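Enquirer: Sequence first, then the predicted structure, then my questions.
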Amino acid sequence: MEAAESTQTLATGDGDLVRVSDLRVRFVTKETTVYAVNGVDFSLAPGEVLGILGESGSGKTVTLRALIRLLPEDRAQVSGRVLVGDNDMLRLPKGDLQSVRGRTIAMIFQEPMTALDPVYTVGYQIAETIVRHESCSWREAEARALDLFEQVQVPSPKQRLKSYPHELSGGLRQRAMIALALSCRPGVLLADEPTTALDATVQIQILLLLRELQKEMGVIFVTHDMGVAGEIADRLAIMYAGRLVETGPVTQVMREPLHPYTKGLLSSTVHGSMRGQRLQTIEGSPPNLEELPDACSFAPRCPHVREACREAVPEPVQAAPERMARCILVNPA
Amino acid sequence: MDYILRRILYAIPIALGVTVIVFSLVYMGPVDPLTAVTPDDAEPHVIEMIKKQYGFDKPIPVQYLIWLKRALMGDFGVSLQSNRPVIEEVIPALRKTMMLAMVATGLAFSVAFVLGVLAAYHNGTWMDRIFTGTAVIGVSVPNYWLSIVLVVIFAVELNWLPAVGMGPRGSGEWEWDLVHIRYLILPVIAVSAIPVGIITRTTRACVLEMLSQEFVPALHSKGITSVRVLVHVVRNAAPTVLAATGIQFGHLLGGSILVETVFVWPGTGYLLNESIFRRDFPVLQGTIAVLAIFFVLINLIVDIVQTWLDPRIKRG
């Protein structure tokens, strides 16, 4: 099956698909305020896969949801600027937002079992999205759904389209979710830990599938798994306590990490040529995001901590043309 | 299909159990049924004859089997009061109660569903509080008291609607015209109060639960419009709300004794009330048995409709 027509061409002013500047998210309730995302900047080039890596609670999923404005409006205060193509996502009127979602930017969720509506067949849910965005009949949409199922390599696609989510295996459900997200050929795909809920063997299949389908589409892939990030991403952004502490091309970041947190993450993960060595953990635990210190958030756990680390939030340092780290120990290029 | 068949098979022992209870009700009451059918000054040999005639001389289990065999063929005996077959008393009464219950359930469902969905969508706001408060009042107010209040206000004081009966000629033939429908309004409101409350609360809870499910943001992420998302949410809440509605309908069939008595609505509730006071135990047994079987039947229908609404139940 021919891999559909080309994805939409879109670009921000300077050729990027996505440009995020000073994104901040606070969750405000009567009792407390949680500072989940605290000034995040990044961009995504066409055809690029950006991996956002961080522990649970680091703000990576919140960042992703903020991009497509899925955070609960009554509790989440979002500021900054998110450009997807020339759409100013945070300021778009509701109607325009609904046209952009699913068509220009789409999302894959962590748990396809709960992210798919349990009382409709997967085929219906795909066709529904296509009919929503494109002027075509239900019959044409169903034919497209069949094409999509073939693209995401679902065996006996015709019968499977008529299945309800609970009738599919975890891997097939995630393939259906991917088909759903790709149904209107979005320019940008957001993936929120799409392999975390799957068996290891199925994980690899889904990663390979995403890699294959990605081509000129830009992908932002959120994960806590160093191995998965290394497998799929072109560029890595390491997130800690709601800030990006390091960004750079994936091989460089994994070979010679700059930020002490990235180093800690790498030495606590199993990867090649480590047989016989003991895994090291990062001492301590992530900070409480209810009060944001005016200092490096990693300082309390950092083995190289200095006096200056506790006095101000470190500025991003450009260590090499494509590499950034928020650490005072890093020398600028 | 398999599930439906199994569900029907389950209903049979339940229905049988119900008949045992219905039958023994007469013996659990404070009055010996024999005294209900014999004059106070009856001669001993007359009593013996009556005993034989009603089968009271046989052991109770045998009496039950005889009664059950006849009941299965629609013969619940003869009314002690009117001397007519019980079934001829029960069926017309059931039709009248059924009409009241259907209109009331339809009204309750329509009102409650809207209130429940609105309350859930505006969770925590004044709208939610007003609707939830209304629901609590609906459940808490005794419906016979509400009936009396309605009669006092709308029939006695304002004189807008008739106070009792189901037509200008008392309990004559029903017709769907304005003259007759005026008689339906107050009883329907009175019996709807509790179902409105219960269905509102069920809908609100269920829609709230659905709104917290991950498929809702997932639908938004596809650009599905808010109205279509509401359809998805409602479709997911439907099986539970429907079950609650079905059970309320069942309750209305059997539970409107006091309301029917206040409004002199000649349904099964009214019939039950009458037969209790007249110790007309064949009518009592027959009415309760028919109502109980209907209740089991309604539950069965609700279960089957649920499998049709929720694809996950079938293979469960």
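Expert: Arrived safely, thanks for sending.
Enquirer: contacting residues around the residue in chain B that chain A sits nearest to?
Expert: Closest residue of chain B to chain A, Cβ to the nearest Cβ: residue B:223 (3.3 Å). For every residue, glycine as well, the C-beta is placed using N, CA and C. Taking Cβ atoms under 8 Å, 6 or more residues apart in numbering or on different chains as the criterion, residue B:223 is in contact with A:98-103, A:129, A:132-133.
Enquirer: Residue B:68 too?
Expert: B:19, B:23.
Enquirer: residues near residue 309, how many?
Expert: No chain was given, so I picked chain A. Neighbourhood size, residue A:309 [other Cβ atoms under 10 Å in any protein chain shown]: 21.
Enquirer: my bad, the chain I had in mind was chain B
Expert: 16.
Enquirer: Tell me the spatial nearest neighbour of it, not counting adjacent residues.
Expert: With sequence-adjacent residues excluded and distances taken as Cβ to Cβ, 6 or more residues apart in numbering or on different chains, residue B:309 is closest to residue B:239, at 4.6 Å.
Enquirer: Could you point out the helix or strand that follows the strand or helix carrying that neighbour?
Expert: Using DSSP states H and E, residue B:239 falls within helix B:226-255. Sequence order places helix B:257-262 as the next helix or strand after helix B:226-255, per DSSP H and E.
Enquirer: Mind pulling up the pLDDT for the residue of chain A found nearest chain B?
Expert: Proximity of chain A to chain B (Cβ to the nearest Cβ) peaks at residue A:102, 3.3 Å away. What the model reports as pLDDT for residue A:102 is 90.
Enquirer: where does it fall, phi/psi-wise?
Expert: phi 90, psi -30 (degrees, to the nearest 10).
Enquirer: show me what contacts it?
Expert: A:129, A:132-133, A:183-184, A:186, B:221-224.
Enquirer: which intervals of the chain have sub-threshold pLDDT?
Expert: Unless you meant another one, I'm taking chain A. Within chain A, the ranges that satisfy pLDDT under 70 run A:1-14, A:270-278.
Enquirer: um, chain B though
Expert: Using pLDDT under 70, the flagged stretches of chain B are B:1, B:29-34, B:36-37, B:169-172, B:314-316.
Enquirer: Up against chain A, what does it have?
Expert: Where chain B comes near chain A, counting by Cβ under 8 Å from any Cβ of the partner chain, the residues are B:213-215, B:217-225, B:228, B:232, B:235-236, B:309-312, B:315.
Enquirer: Kindly report the residues of the stretch 1-150 of chain A close to chain B.
Expert: Counting by Cβ under 8 Å from any Cβ, the residues of the stretch 1-150 of chain A near chain B are A:65, A:68, A:70, A:98-103, A:106-107, A:109, A:111, A:114-120, A:128-129, A:132-133.
Enquirer: what's the burial count for residue 230?
Expert: I went with chain A, as the question did not name one. 19.
Enquirer: hmm, I had chain B in mind actually
Expert: The tally of other residues near residue B:230 (other Cβ under 10 Å) stands at 16.
Enquirer: residue contacts, it?
Expert: Here residue B:230 is in contact with residue B:117 (Cβ under 8 Å, 6+ apart).
Enquirer: which residues sit in contact with the residue nearest to residue A:284 when sequence neighbours are not counted?
Expert: Residue nearest to residue A:284 in three dimensions, not counting chain neighbours: residue A:301, with 3.9 Å by Cβ to Cβ, 6+ apart. Contacts for residue A:301 were tallied using Cβ under 8 Å, 6+ apart; they are A:261, A:264, A:282-285.
Enquirer: Just the buried residues of these.
Expert: A:261, A:264, A:282 (16 or more other Cβ atoms under 10 Å in any protein chain shown).
Enquirer: In helices, which of those residues fall?
Expert: Using DSSP state H, the subset of those located in helices is A:261, A:264.
Enquirer: Redo the buried ones among the contacts of residue A:301 as JSON lines? Include distance to residue A:170.
Expert: Shown next, in JSON lines, are these (distance: Cβ to Cβ, whole Å):
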{"residue": "A:261", "distance to residue A:170": "32"}
{"residue": "A:264", "distance to residue A:170": "31"}
{"residue": "A:282", "distance to residue A:170": "30"}
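Enquirer: In JSON lines: the buried ones among the contacts of residue A:301, plus distance to chain B.
Expert: Below are the buried ones among the contacts of residue A:301 laid out as JSON lines (distance: Cβ to the nearest Cβ, whole Å):
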{"residue": "A:261", "distance to chain B": "29"}
{"residue": "A:264", "distance to chain B": "31"}
{"residue": "A:282", "distance to chain B": "30"}
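Enquirer: just the buried ones among the contacts of residue A:301 now: which is nearest residue A:84?
Expert: For the buried ones among the contacts of residue A:301, the closest approach to residue A:84 (Cβ to Cβ) belongs to residue A:261, at 28.5 Å.
Enquirer: Distance of that closest one relative to residue A:224?
Expert: Going from residue A:261 to residue A:224 by Cβ to Cβ, to the nearest Å gives 13 Å.
Enquirer: and what of residue B:218?
Expert: Distance of residue B:218 to residue A:224, computed by Cβ to Cβ: 21 Å.
Enquirer: neighbour-wise, which of those two wins?
Expert: residue B:218 (26 against 19).
Enquirer: check contacts around the closest residue to that one other than its chain neighbours.
Expert: Closest residue in space to residue B:218, ignoring its immediate chain neighbours: residue A:115 at 4.1 Å, by Cβ to Cβ, 6+ apart. Counting by Cβ under 8 Å, 6+ apart, residue A:115 makes contact with A:109, A:177, B:214-215, B:218.
Enquirer: Pretty sure residue A:38 sits in a strand.
Expert: Yes: assessed with DSSP: H, G, I helix; E, B strand; the rest coil, residue A:38 lies in a strand.
Enquirer: can I assume it is in contact with residue A:244?
Expert: No: counting by Cβ atoms under 8 Å, residue A:244 is not a contact partner of residue A:38; they are 10.0 Å apart.
Enquirer: Neighbour count for the two, which is higher?
Expert: Legend: neighbour count by other Cβ under 10 Å for residue A:38 and residue A:244, higher for residue A:244 (30 against 19).
Enquirer: Return the backbone torsion pair for the more buried one.
Expert: Per degrees, to the nearest 10, the backbone of residue A:244 is at phi -80, psi 120.
Enquirer: What sits closest to it if chain neighbours are left out?
Expert: In space, and not counting its chain neighbours, residue A:244 is closest to residue A:237: 4.9 Å by Cβ to Cβ, 6+ apart.
Enquirer: That neighbour and residue B:253, how far apart?
Expert: Residue A:237 is 64 Å from residue B:253, by Cβ to Cβ.
Enquirer: cool, and residue A:192?
Expert: 50 Å.
Enquirer: next one: residue A:202
Expert: Per Cβ to Cβ, residue A:202 is found 52 Å from residue B:253.
Enquirer: more crowded one of those two?
Expert: residue B:253 (24 against 17).
Enquirer: can you pull the contacts of the more buried one?
Expert: With Cβ under 8 Å, 6+ apart, residue B:253 has these contacts: B:94, B:97-98, B:101, B:268, B:291, B:294-295, B:298.
Enquirer: let's see 6 Å
Expert: B:101, B:291, B:294 (Cβ atoms under 6 Å, 6 or more residues apart in numbering or on different chains).
Enquirer: For the chain, just list every one of the helices.
Expert: Assuming you mean chain A. So, for chain A - with DSSP H - the helices run A:60-67, A:94-100, A:112-115, A:122-133, A:138-151, A:157-161, A:170-181, A:200-214, A:226-232, A:250-255, A:260-267.
Enquirer: The chain in question should be chain B.
Expert: B:2-28, B:33-37, B:44-54, B:60-72, B:86-121, B:126-140, B:143-150, B:178-211, B:215-221, B:226-255, B:257-262, B:268-277, B:281-309, B:311-314.
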